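Peer 1: Here's my sequence, what's the structure:
(chains A and B, ligands or ions: 2)
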Amino acid sequence: MYNYSDFDEAFVRARVAQFRGQVERRLDGSLSEEEFRPLRLMNGLYLQLHAYMLRVAIPYGTLRSDQMRQLAMIADRWDKGYGHFTTRQNIQFNWPKLTDVPDILGALADVQMHAIQTSGNCIRNVTADHFAGAAADEVADPRPVAELIRQWSTDHAEFQFLPRKFKIAITGAAADRAVIRAHDIGLQIVREGDQIGYRVLVGGGLGRTPLIGQVIRAFLPKADLLPYLEAIVATYNLLGRRDNKYKARIKITVFENGIEAFRAATEAEFARIRPEFTGVDQDILAGIEAQFAPPAFRNTDPAPFAAALAVDPLLRAWAERSLAPHKRDNHAIVTVSLKAHGATPGDATSDQMRVLADLADRYGYGELRISHEQNVILPHVAKADLPNVHAELLRAGLATANVGLLSDIIACPGMDYCALATARSIPVAQGLATHFKAIGLEDEIGKLKIKISGCINACGHHHVGHIGILGLDRAGVENYQITLGGDGSEQAAIGERAGPGFAYDEVIPAIERLLRAYLALRQSRGESFIDAYRRLGPAPFKAALYPQEARDAA
Amino acid sequence: MSVIVRDDGFHPEDWDGPITDLAPDTDPAALPALADGTGLIRIAFPAFSDGRGFTLARRLRAAGFAGRLRAAGHVLADQYAMARRSGFDEVEIPADLAARQPADQWQARADWGRHDYRARLKG
Ligand code: HEM
Ligand code: SF4
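Peer 2: Ligands and ions are numbered 1, 2, ... in the order given. Okay, the predicted model is just below:
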């Protein structure tokens, strides 16, 4: 895994010192509140409903065990003993004091972490496939490139005051686990003959105008990446709208100008910038790649795991949901659910963080990942160790066997924390999870992605949920719109609004009607909700959601 | 009275030649024609949150402009390094901003050449 160079170390320390100075200058009046705002934002500090919130980057979703322990320490020392893992591969601390924040940033720097550019109208922390470096299906590990992009975009002089925030996601596999099609720039590592390069998408995004990214370059040679990214962002910096913040994202720039015109402007800018890059970046990239060399995998016999599976139904149920294929046959990727039924999706206590760090040290080569689906991953576990890992997770209350199921819900903080929220989202997620567990239908329903946002900004990715739930405010009353058929994978699709919204206490019954209809309509257990929806179209599902209208029409 | 900020601190206006003023929404297609000039080009920053001037400056320099380049308007001390790295020689700020953010706050970023990832990657 990546270790800071002296350059990184000096930069991050200097940045902490600058922020300490900025806090002092805010307090002595040198900086107005308006001027301080973007400076605190580009260091991850938000003002929420009740307090400040510090958003810390988990760079491309990768954590070492010592870093996880430091997050636990920060949660205990400066917060209320927990943190919230988000869809953007960040961890948010909800209760820091402004004057403590420079010390928190210092504690992060001690373990080579930071909160730089986790907010603000700049290039945000780059997100990546959470199975990167472990997945059986990848062309190449996307993390070295993600680290290269982190370095290039960090404190980039030209791009700290863009028209709006800018998010880049990267995957090294054809299967899209990083939702690259819903990002300002999406990158997919591809191979053409013996050449590695990138498929580059631009102009995806959710929010109030959800759009799927379009291909701007089908194959970009590896060495051209940074100048090409620079060309895209420079073009956007001049062309993006600054008159209306709701039209300021690059998706609107691309949409209004058309992909052809945007591509032409980008390619012209690329031709100007390309000669400025001498190729040193590729040497630096090679150095980064060497640091991401896989650990020395143990060569243990997986037989004990097979034997335990045969006799332990709990292990079997957990393994069926939580394991993904590893590139080594005798290893597996373990997803640890942070979605215990009734818990806040993505929250982890400091004790849980320490348990996970210990497990990573004992069984996982010291590595952890955070997924955009708000779970924690042990990317490399020898199959022989799985029974032990499961037993320890059980003891820590972290063995919920619901990964990929109904209760593995993405939910934004909503009204419980967020100043922009129009409705609650966490309690809706909690209610759905406990209800379907109580009626015993969760396993029967099988694979399903429900995603919930507490306002139109769509931080909970509801547009790409198979079932999306959007909480709105109708004359002071919470009202929830349901969208159907969204998909965040390589088959990306924006969900379609099903019809009028539902009151808070009508949501769970509505989803139950919808899912009972699915159970009645599916061809077999193997046909998931989204597959059935694609086969049948929205009509039968709408009829289940709105039985009254269906009857009236009959 | 405005103040001119350079790496060594505050200065009074000391340019008496012609000035070409550019608005942030200047069409970048117009930049190459300006690149041969030797005078002072001044790019306006109507708001510190408007970062277009940084790209315009970088593109002017890339097109070969070798004259004096100035960022003028609501630029913060915290943005001084960004301005210098983008190709500006100096920043022009109004007196009230200079009073609120005195010279030491700008000089704290006179080390703008250090910790510059982009410069390191470009080679
Ligand atoms: C203080 C709390 C938060 C605030 C004020 C906030 C604000 C916003 C706003 C204004 C947008 C819409 C941007 C646009 O359409 O231009 C947005 C989008 C988004 N935010 Fe948040 N957010 C918050 C928390 C979160 C959290 C906790 C997550 C992760 C779980 C998150 C992830 C995202 C994502 C994925 C999007 C949509 C993707 C896109 O940018 O198009 N945000 N956020
Ligand atoms: S979707 Fe809305 S309510 Fe939820 S976190 Fe984002 S801004 Fe807040």
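
Peer 1: Where does the prediction get shaky in the stretch 451-554 of chain A?
Peer 2: Low-confidence regions of the stretch 451-554 of chain A, defined by pLDDT under 70, span residues A:550, A:553-554.

Peer 1: where do the strands sit along it?
Peer 2: Ranges of strands within the stretch 451-554 of chain A are A:467-474, A:477-484, A:496-497, A:502-503, based on DSSP state E, counting those that start in this stretch.

Peer 1: Check the stretch 201-350 of chain A too.
Peer 2: Taking DSSP E, counting those that start in this stretch as the test, the strands found in the stretch 201-350 of chain A are A:214-221, A:323-325, A:331-336, A:347-349.

Peer 1: Output the longest helix belonging to the chain.
Peer 2: All of this is about chain A. helix A:6-27 (DSSP state H).

Peer 1: I was thinking of chain B, sorry if that wasn't clear
Peer 2: Longest helix of chain B, by residue count under DSSP H: helix B:52-62.

Peer 1: neighbouring contacts of that helix?
Peer 2: If you take CB atoms under 8 Å, 6 or more residues apart in numbering or on different chains as the criterion, helix B:52-62 is touched by A:157-161, A:234, A:237-238, A:242, A:272-273, A:276, B:22, B:24-26, B:28, B:31, B:34-35, B:41, B:43-45, B:69, B:71, B:82-83, B:86-88. No exception for glycine: its C-beta is placed from N, CA and C like everyone else's.

Peer 1: Can you flag which of those residues belong to helices?
Peer 2: A:234, A:237-238, A:272-273, B:31, B:34, B:82-83.

Peer 1: correct me, but A:Gly29 touches B:Pro102?
Peer 2: No - counting by CB atoms under 8 Å, B:Pro102 is not a contact partner of A:Gly29; they are 11.9 Å apart.

Peer 1: count of neighbours near the residue in chain B that ligand 2 sits nearest to?
Peer 2: Using CB to the nearest ligand atom, the closest approach of chain B to ligand 2 is made by B:Ser49 at 19.7 Å. A count of nearby residues for B:Ser49, using other CB atoms under 10 Å in any protein chain shown, gives 19.

Peer 1: List the contacts of it.
Peer 2: Shown in contact with B:Ser49 (CB under 8 Å, 6+ apart): A:38, A:121, A:161.

Peer 1: Out of the residues you listed, the closest to chain B would be?
Peer 2: Closest approach between those and chain B, by CB to the nearest CB: A:Phe161, at 2.9 Å.

Peer 1: That closest one: neighbour count?
Peer 2: Residues lying near A:Phe161 (other CB under 10 Å) number 23.

Peer 1: Repeat that for the one 5 residues further on.
Peer 2: A total of 25 residues lie near A:Phe166 under the criterion other CB under 10 Å.

Peer 1: Likewise for A:Thr86?
Peer 2: Residue crowding around A:Thr86 was assessed by other CB under 10 Å; the count is 22.

Peer 1: quick one: pLDDT of it?
Peer 2: pLDDT for A:Thr86: 90.

Peer 1: quick one: contacts for it?
Peer 2: Listed by CB under 8 Å, 6+ apart, the contact set of A:Thr86 reads A:55, A:92, A:346, A:374, A:459.

Peer 1: Flag every residue of chain B that's near chain A.
Peer 2: Residues of chain B that fall close to chain A, judged by CB under 8 Å from any CB of the partner chain: B:28, B:48-52, B:54-56, B:58-59, B:62, B:76, B:78-79, B:81-86, B:100-102, B:105, B:108, B:114-118, B:120-123.

Peer 1: From ligand 2, how far out is the residue of chain A found nearest ligand 1?
Peer 2: Residue nearest to ligand 1 within chain A (CB to the nearest ligand atom): A:Gly207, separated by 2.3 Å. A:Gly207 is 9 Å from ligand 2, where distance means CB to the nearest ligand atom, to the nearest Å.

Peer 1: Next, that residue: phi, psi?
Peer 2: Reported as degrees, to the nearest 10, the phi and psi values for A:Gly207 are phi 60, psi -160.

Peer 1: Pull the number of nearby residues for it.
Peer 2: Count around A:Gly207 with other CB under 10 Å applied: 20.

Peer 1: Same check on A:Val376?
Peer 2: A:Val376 sits with 26 neighbouring residues when counted by other CB under 10 Å.

Peer 1: can you check the one 5 residues further on too?
Peer 2: A:Val381 has 25 neighbouring residues, counting by other CB under 10 Å.

Peer 1: Show me what it bridges to in the sheet.
Peer 2: Taking DSSP bridges, one obtains A:Ala332 as the residues bridged to A:Val381.

Peer 1: Could you measure from it over to A:Ala248?
Peer 2: 43 Å (CB to CB, to the nearest Å).

Peer 1: Looking at the strands of the stretch 201-350 of chain A, spot the one closest to A:Gly133.
Peer 2: Among the strands of the stretch 201-350 of chain A, strand A:331-336 comes nearest to A:Gly133, with 10.0 Å by CB to CB.

Peer 1: Tell me how far the closest one lies from the chain's centre.
Peer 2: Taking CA atoms, centre = their mean, to the nearest Å, one finds the center of strand A:331-336 at 18 Å from the center of the full chain.

Peer 1: again with stretch A:92-109
Peer 2: For stretch A:92-109, the separation from the chain centroid amounts to 22 Å (computed by CA atoms, centre = their mean).

Peer 1: before we move on, what about stretch A:427-435?
Peer 2: Offset of stretch A:427-435 from its chain centre (CA atoms, centre = their mean): 21 Å.

Peer 1: CA atoms only: put it into CSV for me.
Peer 2: Provided in CSV are the C-alpha atoms of stretch A:427-435 (Å, rounded to 0.1, in the frame of the first residue of the first chain):
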residue,chain,number,x,y,z
PRO,A,427,-35.0,6.3,10.0
VAL,A,428,-36.6,5.2,6.7
ALA,A,429,-33.6,2.9,6.2
GLN,A,430,-33.8,1.6,9.7
GLY,A,431,-37.5,1.0,9.4
LEU,A,432,-37.3,-0.9,6.1
ALA,A,433,-34.5,-3.1,7.5
THR,A,434,-36.3,-4.1,10.6
HIS,A,435,-39.7,-4.5,9.0
